[in-house]
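Chemist: what would the 3D arrangement of this be:
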Amino acid sequence: PIETERSKCDIVGLLEGQEYMFRVVAKNKFGSGPPVDLGPILAVDPLGPPGPPERFTYTERTKSTITLDWKQPRNDGGSPIIGYYIEKRRHDKTEYERVNKKLCPDTSLLVENLDELHMYEFRARSVNEIGESEPSLPLNVVVQDDEVPPMVVLRLAVKGDTISVKAGEPVNIPADITGLP
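Modeler: Numbers count the residues shown, from 1 in each chain. Predicted coordinates for the structure are as follows:
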């Protein structure tokens, strides 16, 4: 028997794949209570699927692509992370579709062939030898170019290419300027 002062006991030396029976007896200054039998309990390594990727975001986007970026999960499930799956769903659709058929070994992925000016929801899953994680927190993005060349549109009528001003006076030329970034 193993005696412990707490209601927790670490049992060492179990063989993986073997079944065990345990008997627990509570004891205090008045004596011992009735025994409780537990088992059979199969001894297995407590491996499981990993946690989801964290800090899922994008670093760049164009009219038809987006570069996604994320951090490894805090919990690898007791087995090293072997890659990631990315899923996408256009906002007018109901089902997610997997972006990468093969595991992405990195924490960044370029997603191509997206429809311009449509909202997409992306999510990521971590994978270890045991299985896949739950999806990451979703990322909602409108697919559009992050870089638009600058353009100046004057908001005044100019005859030819001349503006007349008095020497020494300030010049005010109203204009709309667009572009990204």
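
Chemist: low-confidence stretches in the chain?
Modeler: The chain contains residues with pLDDT under 70 at 158, 180-181.

Chemist: please, where are all the strands along it?
Modeler: 19-24, 27-28, 31-32, 36-42, 54-61, 66-71, 83-90, 97-98, 108-111, 119-127, 139-142, 148-154, 175-180 (DSSP state E).

Chemist: can you list these in CSV and add distance to residue 9 and mean neighbour count?
Modeler: Placement of C-beta: from N, CA and C, glycine included. Below are the strands of the chain laid out as CSV (distance: least, C-beta to C-beta, whole Å; neighbours: other C-beta atoms under 10 Å):
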stretch, distance to residue 9, mean neighbour count
strand 19-24, 9, 11
strand 27-28, 13, 9
strand 31-32, 16, 8
strand 36-42, 12, 10
strand 54-61, 34, 14
strand 66-71, 36, 19
strand 83-90, 38, 19
strand 97-98, 44, 10
strand 108-111, 45, 16
strand 119-127, 33, 21
strand 139-142, 44, 14
strand 148-154, 65, 10
strand 175-180, 62, 10
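
Chemist: need those in CSV (columns: distance to residue 10).
Modeler: As requested, the strands of the chain are exported to CSV (distance: least, C-beta to C-beta, whole Å):
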stretch, distance to residue 10
strand 19-24, 13
strand 27-28, 18
strand 31-32, 22
strand 36-42, 14
strand 54-61, 30
strand 66-71, 32
strand 83-90, 34
strand 97-98, 41
strand 108-111, 40
strand 119-127, 29
strand 139-142, 41
strand 148-154, 62
strand 175-180, 58
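
Chemist: for residue 48, find the nearest of those strands.
Modeler: Of all the strands of the chain, the one in closest proximity to residue 48, counting by C-beta to C-beta, is strand 119-127 (11.7 Å).

Chemist: who are the packing partners of the closest one?
Modeler: strand 54-61, strand 66-71, strand 83-90, strand 139-142 (3 or more C-beta pairs under 8 Å, 6 or more residues apart in numbering; DSSP states H and E).

Chemist: looking at the strands of the chain, spot the one closest to residue 5.
Modeler: Across the strands of the chain, residue 5 has its closest neighbour in strand 27-28 (10.0 Å, C-beta to C-beta).

Chemist: how far is that closest one from where the chain is centred?
Modeler: Computed by C-alpha atoms, centre = their mean, to the nearest Å, the chain-centroid distance of strand 27-28 equals 49 Å.

Chemist: what of stretch 85-102?
Modeler: In terms of C-alpha atoms, centre = their mean, the centre of stretch 85-102 is found 14 Å from the chain centre.
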